[in-house]
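Enquirer: coords please:
(chains A and B)
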Amino acid sequence: MRGRPLLRTSYAEELALLDTPAKRGWTAALLVLALALPFLLTDDLLQLLAVCCVAAIGAIGLGLVTGYAGQVSLGHAFFLGIGAYTAAALSGDPDGRVIGLGVTDIALWLPAAGLVAAVAGVLVAPLATRLRGLYLAIVTLGLVFIGQHIFNEWSSLTGGAGVGRPAATLEFLGRPLAVTDEIATRDQKLYWLMLVLLLVFALAARNLARSRIGRAFTAIRDRDIAAGVIGVNLPRYKTIAFAVSSFYAGCAGALLYTVTGFFDPGSFSLLLSVQYIAMVLIGGAGTISGAIAGAFFITLLPRLTRELQAWVPFISTQPNEVPNVFQVETILYGVLIIVFLIFEPRGLFGLWIRARTYWKAWPFSY
Amino acid sequence: MTTTTAPSGATAADTAGAAATTIASRVRDRARATPDRVAMREKVRGVWSELSWASYWDTVTTVAHGLLSLGVRPGDRVAVLAENRREWLWTDVAAVAVRGATVGLYPTNPAGEIAYLLAHSGARVLVAEDQEQVDKVLDVIDDCPDLEHVVYLEPRGVRGRYSHRALLHWDDFLALGTAHRVAHPGAVDDLMAAAADTDLATLIYTSGTTGRPKGAMLTNANVDFAVRTVTDGAGLADPPPGPGDLILSYLPLCHVAERVFTTWSNAGAGMQVNFAESIATVPANLREVQPTLLFGVPRIWEKILATVTTRIATASPLKRAVARFWLRVSDRIGARLVATGGRHTPATRLAYAIGWLFCYRALRERIGMRRVRYAASGAAPIAPEVLRFFMGIGVPMHEVYGMTENSAVATGNHPGRVKLGTVGEPQPGVELRIDEATGEILTRSPGVFAGYRDDPAATAAVLEPDGWLHTGDVGEWVDGTHVRITGRAKDIMITAGGKNIGPAGIENELKASPYVKEAVLIGDRRPYLVALIGIEPDTVGQWAQARRLAYTTYRDLTTKPEVVELVRTVVDEVNRRHPPVEQVKRFRLLPKELDQDDGELTATQKVRREAVTRAFADLVDDLYGPGGDR
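Expert: Predicted structure coming up:
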């Protein structure tokens, strides 16, 4: 009811994404700030933030299968790779050195990348319906190695190990989307584009999560046997989880390398999978906002460690000296995962929840 | 949007000249004037499901037809044994519509009392909530010769398992009503048109702190007077209650106060009634509903105050410091408001505005009183400190006074003219005098009841032929306008020293402490005052935990010397405010919580003084014995 956010007279009110005036206000403010950032930051930072947005789409996808449905997947890099190569192959130059079909419109190659990855996800899903926990993690780990082998050997598609190929072309209805002109620079446009796409994907995921499907996911995560007993069709929902997650990964993969313009098959290693797992865990498993926060945090981490070097002079920027920033970065990944799992398993989102409950309970403690 | 707009409902009444305004006719008129506005909400499967005025009246009509088809005739009684819920109001209004009368029974009543009430009231139809209530009724149904039908609301455990011929499920009952409605479309309208002011509208049984409950008969005229007083501007809240106001209905509807507040003023002023899920969920429901008008009995206000105190005590240091600071400020604001009668001065307004940002807004939100514009305490005496706390944090608190026998309308504090420690000024239309010899308060008004059912002797004892009602309360005038109640006439204690003492005041000062739940003063014809004190298990338990004091049960807790010491500080604090003869010299902690099933409390949770002194006679003897000063 108006003015009484807790007096809910329908389930729709109860499920509303922005159910309190405070949430509506803050979301609007955050959105305005995000859209205004290109006028406040330099282009190199904007480029990084554009990558963050894309990574966030991928992290949301992994969050759906791992955070919501509780199916640990280490194979995210594989699905990212499938998406990246599908998009690149579709939009590539037909006369080039590698496979290219010349379909340069983002409206075509982006869904196609997602769908191909989703199909791959559906193919993998039967494994997930039979395996649980550690076994599932190891099987999905196998996917990464198979994928890496194929990407390395299939050089007519990928350009081969150490060589690579150009990424998908950003064009919409025949007009290039990311070219510097008198209105805005390439990086500003890139950032806006990725931000809008992130919003679309995040909203879709939030809607999925609060629907019947989302509730089935959480039921499976909390206890799959119990979920089965109360009528959740386990094979069906696990398949949906993998399909949707892979769709997100495919789209993220397709967009990820358009920012730099070039990529090589070595990118889709286990390290990439682990990075995405880290995003979900550090951000907060089982929440969309957490996945976004985690993706931004992990993607900005290298930049942060480099800034750190100014304060801690004994860390070198040269890769051949010890200790150097790259080592610090790798160590930080590990340390952060350990610290979060022990002290705040709900991740960055958990920190936010803590802050919020502190004020929500004011002047009491609970 | 208030009450006395009778003409719109006059169409059906034309045939019989002037039909009396009843609860039913008010609901009908409101359903015609504002069919789509929300009349009430009840939580169904987690969401507050809304009921419009049109559907309220439609269901009432069906229920009324159902009652007719069960054979209810004008003058018959219909009993309800259920928690506050929609069916209560439907049945209540429908019974009045067919010129019957409603009898409310407390769901907590044990079977024996139910048998007495059903037999004494002669109810023909009983609406029982669930299996628990049906079980109690079936146990004693042979002692209730007039009872013909038991309509149950919750089929779980009853339908398909019990096969008593009197049982009828609510849905089947509604089907009967629908069929009757089709067959006799004008039956209810005709009965309503024939309604008279002198028709019995409801039979309300007094709580009976002494002896058997007595059935007070209230007529349509009595009810109408109460409705007009409560919903007119001069009566209670200012501006008067209207369709924009929300209330939470949580106290038993069998009690006259909640009836006035829920059913009657809902029909009279159109405010939205929200039913609490149960008495245990009241804090949560208050937070959800955030009512604008709130009525509570002292026990509720004391409990909320105790909760606030303990929850602040257990908050993190920063929060605790901030909250304590602002509560000290609110104490001063409260004291200032007491002096001005509830009107802010610029200084208190400024202090409150700053405190609102830091504490009061959030605090009121947590306890569900953010939007309360008028709060009232009644039905029993309350300690002024409790009221002052609520005034200080910005809840406009008013003590009101009334009893079943005068339709709960006698006196009330009015916004801006509050005198703490008094029950306010006589309501408009109420004559009030104080007997010079005995100090007893007498009232006369159109709200004074028609008498006790089947008890002319008891009626004659309280009702004089010229309409004056003996309230049984002893009081005095304050500044010639306000009335202060000093105690119940029959509770007055005369100590061996010859001093008259009203125990209620001292008991309430004790109960104002968060650690004290019950206090029973003893001292009639005794050398000095002593007290039996029941501790509040939640707060004392928390206090004990904070001191790492191990305990197992309630009884164990009361035997801890530390707990006795804690209560002693409370007693000493109260004693300091009184002259020596009015001081509690010794006390003992009650070894168990008082309970209705043991006959120690009435259904309204009032202490039955004699029952308690009898049950704990050993403690009392001990208190006056040589080793009493333990």
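
Enquirer: which residues touch the one helix or strand A:Ala125 maps to?
Expert: Assessed by DSSP states H and E, A:Ala125 sits inside helix A:106-130. For helix A:106-130, the surrounding residues in contact (Cβ atoms under 8 Å, 6 or more residues apart in numbering or on different chains) are A:71, A:75, A:78-79, A:82-84, A:86-87, A:90-91, A:103, A:136, A:139-140, A:143, A:168, A:170-173, A:177, A:234-235, A:238-239, A:241-251, A:253-255. In short, each C-beta sits where N, CA and C put it, glycine included.

Enquirer: which among these count as buried?
Expert: A:71, A:75, A:78-79, A:82-84, A:86-87, A:90-91, A:103, A:136, A:139-140, A:143, A:168, A:170-171, A:177, A:234, A:238-239, A:241-251, A:253-255 (16 or more other Cβ atoms under 10 Å in any protein chain shown).

Enquirer: coming back round to it: could you list which of the contacts of helix A:106-130 belong to strands?
Expert: Per DSSP state E, strands hold the following members of the contacts of helix A:106-130: A:171-172.

Enquirer: and chain B, which of the contacts of helix A:106-130 reach it?
Expert: Filtering the contacts of helix A:106-130 for proximity to chain B (criterion: Cβ under 8 Å from any Cβ of the partner chain) leaves nothing.

Enquirer: out of the contacts of helix A:106-130, which sit inside helices?
Expert: A:78-79, A:82-84, A:86-87, A:90-91, A:136, A:139-140, A:143, A:234-235, A:238-239, A:241-251, A:253-255 (DSSP state H).

Enquirer: got the phi and psi for the nearest residue to A:Pro5 once chain neighbours are set aside?
Expert: Spatial nearest neighbour of A:Pro5, excluding adjacent residues (Cβ to Cβ, 6 or more residues apart in numbering or on different chains): A:Thr20 at 4.5 Å. Here is the backbone geometry of A:Thr20 (degrees, to the nearest 10): phi -120, psi 150.

Enquirer: run a quick neighbour tally on A:Thr20.
Expert: Residues lying near A:Thr20 (other Cβ atoms under 10 Å in any protein chain shown) number 11.

Enquirer: ok, it to chain B distance?
Expert: Distance of A:Thr20 to chain B, computed by Cβ to the nearest Cβ, to the nearest Å: 12 Å.

Enquirer: how close does that residue sit to A:Gly3?
Expert: 11 Å (Cβ to Cβ, to the nearest Å).

Enquirer: with B:Thr91 instead?
Expert: 32 Å.

Enquirer: pLDDT score for B:Thr2?
Expert: pLDDT for B:Thr2: 37.

Enquirer: enumerate the residues of chain A near chain B.
Expert: A:1, A:4, A:6-11, A:13-14, A:361-366.

Enquirer: quick check on those: which are buried?
Expert: A:1, A:4, A:6-8, A:361-364.

Enquirer: touching, B:Val520 and B:Ala611? I think so.
Expert: No: in this structure, B:Val520 is not within contact of B:Ala611 by Cβ atoms under 8 Å, at 10.1 Å.

Enquirer: between those two, which one's more packed in?
Expert: Neighbour count, other Cβ under 10 Å: between B:Val520 and B:Ala611, B:Val520 has more, with 23 against 17.

Enquirer: contacts (any at all) between chain A and the longest helix along chain B?
Expert: For chain B, the longest helix by residue count, based on DSSP H, is helix B:317-340. Yes: using Cβ under 8 Å from any Cβ, helix B:317-340 reaches chain A at B:319, B:322-323, B:326.

Enquirer: list the buried residues of that helix.
Expert: B:319-320, B:322-323, B:326-327, B:329-330, B:333-334, B:336-338.

Enquirer: could you look up the SS state of B:Glu565?
Expert: Per DSSP: H, G, I helix; E, B strand; the rest coil, the local secondary structure of B:Glu565 is helix.

Enquirer: what pairs with the residue nearest to B:Asn266 when sequence neighbours are not counted across the strands?
Expert: The spatially closest residue to B:Asn266, leaving aside those adjacent along the chain, is B:Val273, at 4.9 Å (Cβ to Cβ, 6+ apart). Beta bridges link B:Val273 to B:Met40, B:Ile247, judged by DSSP bridges.

Enquirer: for the stretch 351-500 of chain B, which residues are neighbours of chain A?
Expert: B:359, B:362-363, B:366.

Enquirer: for A:Thr66, give me its contacts.
Expert: Contacts of A:Thr66 by Cβ under 8 Å, 6+ apart are A:72-73, A:245, A:277, A:280, A:285.

Enquirer: low-confidence ranges in chain B?
Expert: B:1-17, B:208-210, B:233-235, B:627-630 (pLDDT under 70).

Enquirer: please redo it, this time with the cut-off set to 50
Expert: B:1-16, B:630 (pLDDT under 50).

Enquirer: which one (most neighbours) among the residues of the stretch 351-500 of chain B next to chain A?
Expert: Of those, with other Cβ under 10 Å as the count, B:Leu363 tops at 25 neighbours.

Enquirer: what's the offset of the strand or helix carrying that residue from the middle of its chain?
Expert: Here B:Leu363 sits within helix B:361-366, counting by DSSP H and E. Computed by Cα atoms, centre = their mean, to the nearest Å, the chain-centroid distance of helix B:361-366 equals 24 Å.

Enquirer: CA atoms only: put that helix into PDB for me.
Expert: C-alpha atoms of helix B:361-366 as PDB (Å, rounded to 0.1, in the frame of the first residue of the first chain):
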ATOM      1  CA  ARG B 361      11.200   8.600  13.500                       C
ATOM      2  CA  ALA B 362      13.100   5.200  13.400                       C
ATOM      3  CA  LEU B 363      12.000   4.200  16.900                       C
ATOM      4  CA  ARG B 364       8.300   4.900  16.100                       C
ATOM      5  CA  GLU B 365       8.700   3.000  12.800                       C
ATOM      6  CA  ARG B 366      10.100   0.000  14.600                       C
END
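
Enquirer: touching that helix from outside, list them.
Expert: With Cβ under 8 Å, 6+ apart, helix B:361-366 has contacts from A:361-364, B:287, B:290, B:308, B:323, B:370, B:372, B:393-395.

Enquirer: other SSEs contacting the lengthiest strand in chain B?
Expert: For chain B, the strand with the greatest residue count under DSSP E is strand B:469-478. Strand B:469-478 is packed against strand B:431-434, strand B:440-444, helix B:456-462, strand B:482-488, with contacts defined by 3 or more Cβ pairs under 8 Å, 6 or more residues apart in numbering or on different chains; DSSP states H and E.
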